[in-house]
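Enquirer: Quick one, fold the following:
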Amino acid sequence: MWSNPKQVIWRSERHRRNVATLPCCVCGYEATSDSPYKSQAAHLGHTGDGKGLSLKVPDSRCVPLCPDRPGYIGCHTKMDRYHEPFCNFNKDAMVVETITELLKRGLLRPQR
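Expert: Okay, the predicted model is just below:
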């Protein structure tokens, strides 16, 4: 009988915090320094990326999305509920854009 080894999923609180410092990658919302409504690190993925019941994709697939705030449903909530046009977004491009911005800001270093 063959057994599938448990997949190790990369987690990094530091990376998620760095992602959350960026403006929303959908609407561009950027909180002021004293605002309690800062971006949130949202995991983008589907079953092919390791997502499954009660599982998140690796933190390397996090992008910044804005939270709910008074009078506005945030992009994170909209994405989680599959509101249009979020179903049609190129999630891979959003991840690449996030990683590129983190590199530009010195919040992520390339591996050698």
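Enquirer: Could I get the full set of strands for the chain?
Expert: With strands called from DSSP state E, the chain shows them at 40-43, 62-65.
Enquirer: Could you list the residues in contact with the last one?
Expert: It stands for strand 62-65. Applying CB atoms under 8 Å, 6 or more residues apart in numbering, the external contacts of strand 62-65 come out as 15-16, 19-26, 39-44, 74-76, 79, 91, 94-95, 97-98. To be clear about C-beta, it is placed using only N, CA and C from the backbone, and glycine gets the same treatment.
Enquirer: starting at the chain centroid, how far to that strand?
Expert: Chain-centre distance of strand 62-65: 3 Å, with CA atoms, centre = their mean, to the nearest Å.
Enquirer: Tell me the strands beside that strand, with direction?
Expert: strand 40-43 (antiparallel) (DSSP bridges).
Enquirer: For the strand it pairs with, C-alpha coordinates in PDB please.
Expert: Output of strand 40-43 as PDB, limited to C-alpha atoms (Å, rounded to 0.1, in the frame of the first residue of the first chain):
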ATOM      1  CA  GLN A  40      -4.600  42.100   4.900                       C
ATOM      2  CA  ALA A  41      -2.500  39.200   3.600                       C
ATOM      3  CA  ALA A  42      -4.900  37.100   1.500                       C
ATOM      4  CA  HIS A  43      -4.000  33.600   0.400                       C
END
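Enquirer: Show me what counts as buried in that strand.
Expert: 40, 41, 42, 43 (16 or more other CB atoms under 10 Å).
Enquirer: Provide the partner residues of the third one in its beta bridges.
Expert: With DSSP bridges as the criterion, the beta-bridge partners of residue 42 are residue 63.
Enquirer: what sits against it?
Expert: By CB under 8 Å, 6+ apart, residue 42 lies in contact with 62, 63, 64, 65, 76, 79, 80.
Enquirer: and the gap between residue 45 and residue 71?
Expert: As judged by CB to CB, to the nearest Å, residue 45 and residue 71 stand 30 Å apart.
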